[in-house]
Structure formats: C-alpha cells, structure tokens
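> The following block contains a protein sequence and its predicted model.
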Amino acid sequence: MVVGVLALQGSFNEHIAALKRLGVKGVEVRKPEQLLTVSSLIIPGGESTTMAKLAELHNLFPALRDFVQMGKPVWGTCAGLIFLANKATGQKTGGQELVGGLDCTVHRNFFGSQIQSFETELPVPQIVAKEGGPPSFRAVFIRAPAILDVGPDVEVLASIPLSAIETINSNPAIQKEEESEKKVIVAVKQGNLLATAFHPELTADTRWHSYFLKMVPEIADGTSAIVPTSTTYQSPVERPVIDFPIYQ
Ligand SMILES: NC(=O)CC[C@H](N)C(=O)O
C-alpha cells in the first residue's frame, strides 16, 4: 500500500515531493473511501479552520477518526497537528472539528501571526537520530501552533526555548507560558501518531519523513512493496535542488 497525504489544502504537494525523494509514492487523499487504499497518512500544514471545513464537506471526519483508532500511522504537521489534538485553544469563533486521538492541548497560533513565522535549528530527537545526519535540523514554523500540555502516553520529541523567539514579548500566550515554563513542546509521538508543529516537508532534510515511514509496520518489517530508496541521511548539498522553496 502507498502512503496517503490528505490533499484538501496546504502543503500536501511538498510532502509528496519529500516522499518521492525517498523513493516512496505518496497519494492524494480527498475522499473517505480513499483512506481504505492507504496504510498510513500524512496530514499537512495549511490552515486548520479551512481544512476542517473542507474535511466536513467531504464527510472525512468519521473515516479519519476510524483510521486513527485502527492504529494506522498518522503524521500531522502544523495544521495536521491541530487536527490530531484532542483539544485546541485559540480557535476561531465556533471552534472547528478535530480528528483527535493525540492526548494533548494545542494552541492554534501559539507563536503569533503569519509575520511572526520563523526558522530555527533544533536538536534531532533520539528516535529520529537513527536516520543519521547532523545532530540538529532546521525547523520551519509558519504561524505555528505549539503543544501546551500532554497526557502520560505522549512522548515529547522536541521543544523550543521561548527565549529563542523574538516575538516573545508581543504574544500574551507566550508570556503566560514563559512564567511557568521556559520551553514549549513542538513535536510528539503517541503510539501510531506523530505530530510536529514545524514543516519538515519545506526543507531538504528528509529524516522526519524516513522516520515516519519506519512507523509503517510493513515498511519497517520489509514486507511492503514500498522500499524507500534512501533510508540514510543525504546531505542537502549533495542532493540536487528539487524546487523552490525547499530550504537548503
Ligand atoms: N502552517 C500551519 O499549518 C499553520 C496552522 C495554523 N496556525 C492554523 O490554525 O491552521
């Protein structure tokens, strides 16, 4: 089976391109029945309210919840993280439907507005470090959410020191958090669910994608027809530039 990428809105093409760089076919998923043809799913970044409206229009929520509950690997990036969270704050009036399953509370626009988007180097978590490469990765945050609290079964993979963020003084949510804690969570794993507040698909570093592929049982145990051609880290400089705006 192939890897599904929810293709309602947002950076689904970039995820499919990242999978392609690993020799894996990603297929666009827009309808509930298409979820029956994929063994894992990536929910991309974008704008979660819009994405939720489109998911509702296509009657995707029940099928997405079933997919998560069946234990199939799902990776949410940014808006995808918001989709997977059990609880979200900072939503537009009336809120928005969530898929849920990930035992955490997410603040939708934790770091501020679009112009407060930023990039930073973060340490590669131990489980992803097995993919090889340098000890840090470039994390791209675009009007990014952050995880405010997690349940006991959630493993924290990455957090960001709030002092590193320029917008720290202009965002009341950040100031409040800063008083109690100097770091905020930006990547987690809970069983079959992986979630990142940043966008690895916008960088040339494919380690998060190759780690996610290893969460797919038939890829991990070698029984899949999908064989990633590149399971070890390739330096972005040695790789041909695919397209703009992949970060080099
Ligand atoms: N880059 C992103 O996916 C941003 C998500 C955005 N904060 C939202 O609410 O949907």
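Nice, I can see it. Residues are numbered from 1 along each chain as shown.
> who's the residue positioned nearest the centre of the chain bridged to?
What sits nearest the mean C-alpha location of the chain, by C-alpha atoms, centre = their mean, is Thr77, with 1.9 Å. Taking DSSP bridges, one obtains Thr196 as the residues bridged to Thr77.
> so what's it up against?
Neighbouring residues of Thr77 by C-beta atoms under 8 Å, 6 or more residues apart in numbering: 11, 15, 42-45, 195-196, 198-201. (Glycine included, C-beta is placed from N, CA and C.)
> near the ligand, which residues of this protein show up?
Proximity of the chain to the ligand (C-beta under 6 Å from any ligand atom) is limited to residues 45-48, 78-79, 82, 108-109, 142-145.
> Going by neighbour count, list what's buried in stretch 134-144.
137-144 (16 or more other C-beta atoms under 10 Å).
> quick one: which of those sit in strands?
Secondary structure from DSSP state E places 137-141 of the buried residues of stretch 134-144 in strands.
> With only the CA atoms kept, save stretch 26-41 in PDB.
Output in PDB follows, covering the C-alpha atoms of stretch 26-41 (Å, rounded to 0.1, in the frame of the first residue of the first chain):
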ATOM      1  CA  GLY A  26       2.500   9.500  -1.800                       C
ATOM      2  CA  VAL A  27      -1.100   9.600  -3.000                       C
ATOM      3  CA  GLU A  28      -3.500  12.500  -2.600                       C
ATOM      4  CA  VAL A  29      -6.500  11.600  -0.300                       C
ATOM      5  CA  ARG A  30      -9.600  13.700  -0.600                       C
ATOM      6  CA  LYS A  31     -12.400  11.200  -0.100                       C
ATOM      7  CA  PRO A  32     -13.300   8.800   2.800                       C
ATOM      8  CA  GLU A  33     -13.100   5.700   0.600                       C
ATOM      9  CA  GLN A  34      -9.500   6.600  -0.500                       C
ATOM     10  CA  LEU A  35      -8.400   6.000   3.100                       C
ATOM     11  CA  LEU A  36      -9.100   2.300   2.600                       C
ATOM     12  CA  THR A  37      -6.300   2.200   0.000                       C
ATOM     13  CA  VAL A  38      -3.500   3.700   2.100                       C
ATOM     14  CA  SER A  39      -1.700   2.200   5.100                       C
ATOM     15  CA  SER A  40      -0.500   5.400   6.600                       C
ATOM     16  CA  LEU A  41      -1.500   9.100   6.300                       C
END
